[in-house]
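Visitor: compute the structure for the input listed below.
(chains A, B, C and D)
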2 protein chains.
Amino acid sequence: MARKQGSHSDITGPRVQDTALRLIARHGYAAVSMRQIAADVGVQAGALYNYTSDKQSLLFDLMRDHMADLLAALAAEDINGDAMTRLEAFTRFHIRYHLPRSDQVFVSYMELRNLLPENFTTIEGLRREYEDELEDILCAGEAEGLFAVPDTRVATMALIAMLTGLSHWYREGGRLDMNTIETIYWDLVRKSVSV
Amino acid sequence: MARKQGSHSDITGPRVQDTALRLIARHGYAAVSMRQIAADVGVQAGALYNYTSDKQSLLFDLMRDHMADLLAALAAEDINGDAMTRLEAFTRFHIRYHLPRSDQVFVSYMELRNLLPENFTTIEGLRREYEDELEDILCAGEAEGLFAVPDTRVATMALIAMLTGLSHWYREGGRLDMNTIETIYWDLVRKSVSV
DNA sequence: CATGTAACTGAACAAGCGTTCATTTGAAAA
DNA sequence: TTTTCAAATGAACGCTTGTTCAGTTACATG
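Guide: Residues are numbered from 1 along each chain as shown, chains lettered A, B, ... in the order given. Got it, this is the predicted structure:
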């Protein structure tokens, strides 16, 4: 037997991506084999190579897609107003976007060291773009006299780490819902940078 | 040839731990082979089994030792006073302890999913102990009327993530020295929880 | 100097790795 | 109904994996 009933490129392709994302998030890139991914999709290992050139590309594509989607979603928010308004919008956007995508967040933070150097550079650049959006807001707030941050770069990294760390422990259906979490975090963020 | 000149258990043992820590921090547990560790130490792979029962124990011992040392160092600080004083002491201790130990921090955060279930439970318990020290301080500050945190547990996780995230990007010899960093972070932490 | 043994070698084991490719299949197009 | 070809199979490639162990070596002890 070769071709399965009802199997199509349109179906198997996304399933490969989804499965790879889930398994890599759970076990790590190096610990997941192409045969494991294939078995979960329901094909033989060789069939994966109809959808990816190699294992490295599978990882890189996941990370690049995540970062590209994130930046596109941020741009679509069209954040403006004074720095305080913009910071609140950014904070709430970050949480709302990341919380339902814990697998993507996990992979994008944990698997950087498994990227080939050129791929790493690409992803690092996309991350930097996102960080710079936040730093812009902090700089603006400083200029407007709304914020008092001794070093905008350090504050940016500190806030990103705080916000992204949320994805590592938050579980849906837990003690607190997303709206409550969002407000608690906004409170912490706002106070930490305010004059 | 078998036994090397001047070779001793007292020398090779620590070298195995040090090498494993460094390589795992750089490439990840699953991506590092026993043969790579052995080659870096300067022995054959089989010799490693004089110092560890298996690869999993090597990882677990690294993580348990790090957490145990961290808790011992925190206890030795003998932090007391009002909540604001205690929070400053905790913050500065955390940064001073973690910054020179970036490999340990990396491994302890990235390799949790590669622990066998029982080992994971042990490490998770040690982490929880450390987190609880911070939450105690936040609760005390709330009671003393010094702090205003809507949820001490969430604030604890947020602050730990912010502080630990520092280890992921800080590099010695960079733009800012440790003392400056320490003060910037203490400023962010203090304001974020203050009334 | 002789002896015991801790420390290490080097080969071996079965299993799994990423990847390639000739072959087979089944559904859509003619 | 026949033809076509995308989408699979399954075997094979050479290599690496964690781990074991009989044998070898160099040092400490008597």
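Visitor: who's in contact with A:A155?
Guide: Residues touching A:A155, when contacts are defined by C-beta atoms under 8 Å, 6 or more residues apart in numbering or on different chains, comprise A:L138, A:V149, A:S192, A:V193, B:I184, B:L188. In short, each C-beta sits where N, CA and C put it, glycine included.
Visitor: for it, give its distance to A:E135.
Guide: Counting by C-beta to C-beta, to the nearest Å, the gap between A:A155 and A:E135 amounts to 8 Å.
Visitor: any idea how far the spatially closest residue to A:A38 that is not a sequence neighbour lies from A:I37?
Guide: Spatial nearest neighbour of A:A38, excluding adjacent residues (C-beta to C-beta, 6 or more residues apart in numbering or on different chains): A:A45 at 4.4 Å. In this view, A:A45 and A:I37 are 8 Å apart by C-beta to C-beta.
Visitor: ok, the two, which is more surrounded?
Guide: Comparing A:A45 with A:I37 by other C-beta atoms under 10 Å in any protein chain shown, the one with more neighbours is A:I37, at 24 against 14.
Visitor: let's see the helix or strand harbouring that one as CSV, backbone CA atoms only.
Guide: Secondary-structure assignment from DSSP states H and E places A:I37 in helix A:34-41. Below are the C-alpha coordinates for helix A:34-41, written out as CSV (Å, rounded to 0.1, in the frame of the first residue of the first chain):
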residue,chain,number,x,y,z
MET,A,34,11.5,12.4,12.2
ARG,A,35,10.0,9.0,12.7
GLN,A,36,8.1,10.1,15.8
ILE,A,37,6.7,13.1,14.0
ALA,A,38,5.7,10.8,11.0
ALA,A,39,4.1,8.2,13.3
ASP,A,40,2.0,11.0,15.0
VAL,A,41,0.9,12.3,11.6
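Visitor: that one and DNA strand C, are they touching?
Guide: Yes: Helix A:34-41 lies within reach of DNA strand C by C-beta under 7 Å from any atom of the strand, at A:M34, A:R35, A:Q36.
Visitor: buried ones in the longest helix along chain A?
Guide: Secondary structure of chain A read by DSSP state H shows that its longest helix is helix A:117-144. Applying a neighbour-count criterion of 16 or more other C-beta atoms under 10 Å in any protein chain shown, the buried positions in helix A:117-144 are A:119, A:122-123, A:126-127, A:131, A:133-142.
Visitor: can you check the pLDDT for the most centrally placed residue in chain A?
Guide: Most central residue of chain A, judged by C-alpha distance to the mean C-alpha position with C-alpha atoms, centre = their mean, is A:V105 at 3.9 Å. Confidence at A:V105, expressed as pLDDT, is 97.
Visitor: mind checking how far it is from A:F120?
Guide: 18 Å.
Visitor: likewise A:M178?
Guide: Following C-beta to C-beta, the distance that separates A:M178 from A:F120 is 32 Å.
Visitor: can you map out the strands along chain A?
Guide: If DSSP state E is used as the criterion, chain A turns out to lack strands entirely.
Visitor: which residues does the nearest residue to the residue nearest to the centre of chain A once chain neighbours are set aside contact?
Guide: Computed as C-beta to C-beta, 6+ apart, the closest residue to A:V105 that is not its neighbour in sequence is A:S167, at 4.3 Å. Under the criterion of C-beta under 8 Å, 6+ apart, the contact partners of A:S167 comprise A:H98, A:L99, A:R101, A:S102, A:V105, A:F106.
Visitor: and these, which two are the farthest apart?
Guide: Pairwise distances across the contacts of A:S167 (C-beta to C-beta) peak at 12.4 Å, for the pair A:L99 and A:F106.
Visitor: take the residues of helix A:34-41 next to DNA strand C and write them to JSON lines, including pLDDT.
Guide: Compiled in JSON lines, the residues of helix A:34-41 next to DNA strand C are given as follows (pLDDT from 0 to 100):
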{"residue": "A:M34", "pLDDT": "98"}
{"residue": "A:R35", "pLDDT": "98"}
{"residue": "A:Q36", "pLDDT": "98"}
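Visitor: which among those count as buried?
Guide: Those of the residues of helix A:34-41 next to DNA strand C that meet the buried threshold are A:M34, by 16+ other C-beta under 10 Å.
Visitor: tabulate the residues of helix A:34-41 next to DNA strand C (a markdown table), appending distance to chain B.
Guide: Shown next, in a markdown table, are the residues of helix A:34-41 next to DNA strand C (distance: C-beta to the nearest C-beta, whole Å):
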| residue | distance to chain B |
| --- | --- |
| A:M34 | 14 |
| A:R35 | 15 |
| A:Q36 | 12 |
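Visitor: what's the least confident helix or strand in chain A by mean pLDDT in contact with?
Guide: None of the helices or strands of chain A scores lower by mean pLDDT, DSSP states H and E than helix A:9-27, at a mean of 95. The set of residues external to helix A:9-27 that reach it, using C-beta under 8 Å, 6+ apart, is A:32, A:36-37, A:40-43, A:47-48, A:50-52, A:58-59, A:61-62, A:102-104, A:106-107, A:111, B:30, B:113-114.
Visitor: can I get that helix in CSV, CA atoms only?
Guide: In CSV, the C-alpha atoms belonging to helix A:9-27 read as follows (Å, rounded to 0.1, in the frame of the first residue of the first chain):
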residue,chain,number,x,y,z
SER,A,9,-1.0,17.6,0.4
ASP,A,10,-3.4,20.2,1.8
ILE,A,11,-4.2,18.0,4.7
THR,A,12,-0.8,16.3,5.5
GLY,A,13,1.3,19.5,5.1
PRO,A,14,-0.4,21.4,8.0
ARG,A,15,-0.5,18.3,10.0
VAL,A,16,3.2,17.9,9.8
GLN,A,17,3.7,21.5,11.0
ASP,A,18,1.2,21.1,13.8
THR,A,19,2.6,17.8,15.0
ALA,A,20,6.2,19.0,14.8
LEU,A,21,5.3,22.1,16.9
ARG,A,22,3.5,20.1,19.5
LEU,A,23,6.2,17.4,19.9
ILE,A,24,9.1,19.8,19.8
ALA,A,25,7.4,22.0,22.4
ARG,A,26,6.9,19.0,24.7
HIS,A,27,10.2,17.1,24.2
